[in-house]
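Trainee: Any chance you can model this:
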Amino acid sequence: LPGERLTLVETEAAWRRFLLALAAAGPTVLVFEDMHWADQTLLAFVEQLGATARGVPMLVVATARPELRERQPAWTGTISGAMSISVPPMHDSDIDTLYSLLLGKATLPATQRTPLIEFADGNPLYAQEYARMLLDGGLLDGVGSVGPVGGAEMPRTVQAVIANRLDLLDPA
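Mentor: You can find the predicted model right below:
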């Protein structure tokens with residue numbers, strides 16, 4: 001009825017029915033990213049959706065950092081056919097290659113690549129953010145050497161890199 005509010009249980013049930021009907025109409029892939037930040041309600045919803053999606057062509061993919069397994073070791077335990085795949089950090093040589101690809105012509109000497117590789121700590125997202133910071137911030141000179149702007153040092157965390165990138169944005 002107009003003006004009535006749906007309860008959380010009713011809302012979840014409606015979403016579940018909708019997604020199952022979508023899958024019944026044709027193959028459906030649902031992707032839930034960064035589930036390590038999800039609250040208990042969303043975790044339960046995704047788990048129940050996976051457990052009730054029998055006989056329909058539905059694939060549910062949920063990405064998360066290892067913290068989710070530490071916090072919820074039995075998560076997805078009720079889903080028949082669920083599998084967990086752990087992806088280890090990238091090797092330093094692969095991160096080095098990634099920097100080369102991201103920076104293009106701006107090839108850095110080994111002495112300047114080594115700290116960047118260490119900062120990335122095997123995480124390709126971190127490497128991408130450092131490369132963007134170097135390129136967007138004009139921190140690479142013409143020969144591909146990192147030159148600190150105004151004597152500033154390279155940020156040591158991804159949060160600091162992102163903050164640095166935000167500082168480079170036009171105030172408007």
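Trainee: Other residues contacting the helix or strand harbouring residue 18?
Mentor: For residue 18, the host element (DSSP states H and E) is helix 8-25. For helix 8-25, the external contacting residues (Cβ atoms under 8 Å, 6 or more residues apart in numbering) are 6, 28, 30, 41, 45, 48-49, 52-53, 56-58. All C-beta spots, glycine's among them, are computed from the backbone N, C-alpha and C.
Trainee: give me that answer again for 7 Å
Mentor: 28, 30, 45, 48-49, 52-53, 56-58 (Cβ atoms under 7 Å, 6 or more residues apart in numbering).
Trainee: which stretches of this structure form helices?
Mentor: Per DSSP state H, the chain carries helices over the ranges 8-25, 40-52, 66-71, 92-103, 110-120, 124-136, 158-168.
Trainee: Can you list the buried residues in the fifth one?
Mentor: Neighbour counts using 16 or more other Cβ atoms under 10 Å place 112-113, 116-117, 119-120 of helix 110-120 among the buried residues.
Trainee: Likewise for the first one?
Mentor: The neighbour-count criterion (16+ other Cβ under 10 Å) identifies 12, 19-20, 23 as the buried residues of helix 8-25.
Trainee: I'd guessed residue 28 sits against residue 60; true?
Mentor: No - look at residue 28 against residue 60 with Cβ atoms under 7 Å: they stay out of range, at 9.1 Å.
Trainee: Low-confidence ranges, the chain, go.
Mentor: Along the chain, the model assigns pLDDT under 70 to residues 1-4, 105-107, 137-155, 158.
Trainee: Can you tell me which residue sits nearest the middle of it?
Mentor: residue 34 (5.9 Å; Cα atoms, centre = their mean).
Trainee: Quick check: it vs residue 86, distance?
Mentor: Distance, residue 34 to residue 86, using Cβ to Cβ, to the nearest Å: 16 Å.
Trainee: With residue 9 instead?
Mentor: From residue 9 to residue 86 the distance is 33 Å (Cβ to Cβ).
Trainee: Likewise for residue 47?
Mentor: From residue 47 across to residue 86, the span is 19 Å (Cβ to Cβ).
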